[in-house]
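K.L.:
pasting the sequence and the predicted coordinates here, then a few questions.
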2 protein chains.
Amino acid sequence: MTDALKIGIAGLGTVGASLARIVQTRANALAIACGRPLTITAVSARSKGKDRGFDLDGIAWFDNPVEMAETADIDVLVELIGGAEGAADQSVRAALARGLHVVTANKALLAKHGVALAKMAEEKGLLLNYEAAVAGGIPVIKTLRESLTGNHFSRLYGIMNGTCNYILTRMEKEGLSFADCLKEAQRLGYAEADPTFDIEGNDTAHKLAILTTLAFGSQIAADEIYLEGISNISIDDIQAAHDLGYRIKLLGVALKTATGIEQRVHPTMVPLDSVIAQVDGVTNAVALESDILGELLMVGPGAGGNATASAVLGDITDIAKSRPGAQQVPILGRPAHLLEPYAKAEMTLHEGGYFIRLSVVDRAGVFASIATRMAENNISLESIVQHAKSAASGDESKNIILVTHATMEHSVRQAVAAIKGEGYLLGEPQVIRIERTKSA
Amino acid sequence: MTDALKIGIAGLGTVGASLARIVQTRANALAIACGRPLTITAVSARSKGKDRGFDLDGIAWFDNPVEMAETADIDVLVELIGGAEGAADQSVRAALARGLHVVTANKALLAKHGVALAKMAEEKGLLLNYEAAVAGGIPVIKTLRESLTGNHFSRLYGIMNGTCNYILTRMEKEGLSFADCLKEAQRLGYAEADPTFDIEGNDTAHKLAILTTLAFGSQIAADEIYLEGISNISIDDIQAAHDLGYRIKLLGVALKTATGIEQRVHPTMVPLDSVIAQVDGVTNAVALESDILGELLMVGPGAGGNATASAVLGDITDIAKSRPGAQQVPILGRPAHLLEPYAKAEMTLHEGGYFIRLSVVDRAGVFASIATRMAENNISLESIVQHAKSAASGDESKNIILVTHATMEHSVRQAVAAIKGEGYLLGEPQVIRIERTKSA
């Protein structure tokens, strides 16, 4: 048995503490699986006094994670601080500069600095592993980086934010409003006090940007993602979706088109009987579509201390099994200097089905006007449903729900703008994209 | 860029030919991803004349795969011959003896000789990769071997035979009999001329045995698996299952119990709204339950030339990225000499819910007799459904369907044996186990 792999953990929140406990309590099994022991030799966090359920004996304590990365007796830095800048970024850079392998769960850091960090690691022959950064315990990074080499990807999509999926699931199952479900999620610890980052789709966008790079070989472009959150999804939408054979999920989607890569995060209608429609609560799911393999769907816990620690531990054991300078898994699927520039497909060119819900004044001619605006924009309709009364509006209102055949985003936008100009709408029109899924 | 990885392919059926085409047509992308070129330097098959869509120029041809393994200028042998003995076994052993890495898609070989082959590979520091052997393109081997290190597994289960899942799906969707669906599957190439190995569960058992070893660290015990096929599943069963909120799938299940490991392959009732219940047609799915991660479900193509070739290619690229003597991923999750003896949990001690369908003569006292036999064996019933007439029987018959709460297999067997002795049964009783699933 060779030398132990010396681990330094920066950040001892839920994930870090869980990881430390597992490494200590399963030392024998891990040593057998890795062919060498794993040992935590340094940790860094804000308050040393707190009992985190693992033994600090023989472990060097650092108040400053950057100092730990620069000076501690470690082979690998495990960065669990979070955030795209500051201590997380500095400690990862310090570790790579010093010749240490890095494991991180930090999606924001990778979405912003992933390419630069990959270059640093690759120039020194170091490993930079980040399985936990996307979809928690689901091994989607390893699958893209290692299992599906040689495949050409056409599309990937997934439920990558547990907070949103929990809220949407509760809204449908309990008939509660978005606001009520958000409050409940906050009470249960599934949503932050400031939930903006989750519910507006930014968190999903960070994860999507990383997967897009792995699948399509282009530079990370998290700022180029079309974003719509779930805060304006109503019970009416969820009920209407159900009646039409759909369920609403917040999906992140990356799609190769003739004009470039389309990256988008928005509430999405998926067929009720699809596999991904059954993914409930805080569970995540990622679907990968490629030409050799076909479609692969992975479903599992997307967050939580233990599930995330499991992914981090997998990354650490991969490093333990490697030998210095021995392996060159490209960090982002291909060497960072060979990543292609990101070619953005314009969202107005998006093509697909649309669900359009219009709350309108109940008077003659409205229906004909709507139909005319659609026809003028060459939008053909798959179904039209008219509900006598909108739950959200007064007595004289009506919900008109249109489902379009595949059409262009700009056509839908023009048609909806024209309808808005007619003066019979009560409130904002609701437009939700429909995603065609195969087995998933 | 370092030296090319020289590949020898033994067996040029659908998978081998697909693999060869991909390696040749995607040479550049593969070289970038692996940091070195992949090149096919030798192949072996029965008939050289056939056009398989790839260029044989510069590739050494061998009529005998064992001779290829023993003498060809290759770094890795890709064994795609199939079968537990003969040329497949001999060529793999010859390759390992000679110091070559091996990639195989051969579940039968691994189920029978996996431990011995792993020992050979590990003694020489060689890689033996077999992602394609279980669930085709789904990366379940890599996930168990690499991603979930440190996890303790409680259960794994899956749909691992596309033929059976196709037949069961068609029976439900079209209302056709087992025999009709089997014929259709044969016509479409989803089932062999002699389908016994698939429909009786042997194929699933081979795959299950490999996963069990990876998850539980015990020796491969394919011969110790409880087996029931799908050939006696009727439309009555499928319809009754549906009415009760279940769907019937052929599952392979491995479960850690107090007395050992329970390995079983049988038709299984899974909840209609579970994710795995939506897995249709030839698609496969594997669920892994472990204490750190929680539950992970992977769904994807379980067979087919391209999907299988994708998995084989992932295995080859892992070898290309490794360096001689550099990496020691234990072939079976832990070093083969440290695998524990297999401790078999007796099937009679299996605990779970049961669906029992009895076709009975429609006369007074029958129902009371059945209820009494159940009570005598301490079986408590969750629901009882009585259908006026069995489609399969005459006018005087009745279908009685019982769903039990969790009970013991031996109790069910005793109760059913007692009922059989009463003389009012028409045909064999149908007993189908119910599997509790979580998010999957």
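P.N.:
All right, it came through fine.
K.L.:
using the three-state scheme, assign residue A:54.
P.N.:
Residue A:54 falls in the coil class when you classify it by DSSP: H, G, I helix; E, B strand; the rest coil.
K.L.:
check contacts around it.
P.N.:
Applying C-beta atoms under 8 Å, 6 or more residues apart in numbering or on different chains to residue A:54 gives the contacts A:17, A:20, A:21, A:24, A:40. Backbone N, C-alpha and C define where each C-beta goes, glycine included.
K.L.:
can you give me the distance of it to chain B?
P.N.:
Counting by C-beta to the nearest C-beta, to the nearest Å, the separation of residue A:54 from chain B is 14 Å.
K.L.:
if I look at that residue, how far off is residue A:45?
P.N.:
Counting by C-beta to C-beta, to the nearest Å, the gap from residue A:54 to residue A:45 is 12 Å.
K.L.:
can you pull the contacts of the closest residue in space to residue A:246 that isn't next to it in sequence?
P.N.:
Distances taken as C-beta to C-beta, 6 or more residues apart in numbering or on different chains put residue A:269 closest to residue A:246, at 3.9 Å, once the chain neighbours are dropped. Going by C-beta under 8 Å, 6+ apart, residue A:269 touches A:241, A:244, A:246, A:247, A:248, A:353, A:355, A:432, A:433, A:434, A:435.
K.L.:
which member of those is positioned nearest residue A:214?
P.N.:
Closest approach between the contacts of residue A:269 and residue A:214, by C-beta to C-beta: residue A:435, at 20.4 Å.
K.L.:
wait, isn't the closest one in contact with residue A:253?
P.N.:
Yes: counting by C-beta atoms under 8 Å, residue A:435 does reach residue A:253; the two are 6.6 Å apart.
K.L.:
can you pull the residues that touch both of the two?
P.N.:
A:157, A:268.
K.L.:
the contacts of residue A:269 in helices, which ones?
P.N.:
The members of these that map onto helices under DSSP state H are residue A:241.
K.L.:
how about low-confidence regions in chain A?
P.N.:
Along chain A, segments meeting pLDDT under 70 span A:1, A:323-327, A:388-395, A:438-440.
K.L.:
just the helices in it please.
P.N.:
Going by DSSP H, chain A shows helices at A:14-25, A:27-34, A:65-71, A:86-98, A:107-123, A:140-142, A:162-174, A:178-187, A:196-199, A:202-216, A:235-243, A:305-321, A:366-376, A:409-420.
K.L.:
chain B contacts on the stretch 1-150 of chain A?
P.N.:
Taking C-beta under 8 Å from any C-beta of the partner chain as the criterion, the stretch 1-150 of chain A approaches chain B at residues A:18, A:22-23, A:26, A:29-30, A:32-35, A:131, A:137-139, A:142-143, A:146-150.
K.L.:
whoops, I mixed them up, the stretch 151-300 of chain A
P.N.:
Counting by C-beta under 8 Å from any C-beta, the stretch 151-300 of chain A sits next to chain B at A:151, A:273-275, A:277-281, A:283, A:290-300.
K.L.:
just the buried ones out of these, please.
P.N.:
Listed as buried from these are A:151, A:274-275, A:277-280, A:283, A:290, A:292-300; burial here means 16 or more other C-beta atoms under 10 Å in any protein chain shown.
K.L.:
neighbour count added to the contacts of residue A:269, as a markdown table?
P.N.:
Compiled in a markdown table, the contacts of residue A:269 are given as follows (neighbours: other C-beta atoms under 10 Å in any protein chain shown):
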| residue | neighbour count |
| --- | --- |
| A:241 | 25 |
| A:244 | 17 |
| A:246 | 24 |
| A:247 | 22 |
| A:248 | 22 |
| A:353 | 18 |
| A:355 | 24 |
| A:432 | 22 |
| A:433 | 19 |
| A:434 | 21 |
| A:435 | 22 |
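K.L.:
how about the contacts of residue A:269 in CSV, adding distance to residue A:13?
P.N.:
Putting the contacts of residue A:269 into CSV (distance: C-beta to C-beta, whole Å) gives the following:
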residue, distance to residue A:13
A:241, 36
A:244, 42
A:246, 37
A:247, 33
A:248, 32
A:353, 42
A:355, 39
A:432, 35
A:433, 35
A:434, 38
A:435, 34
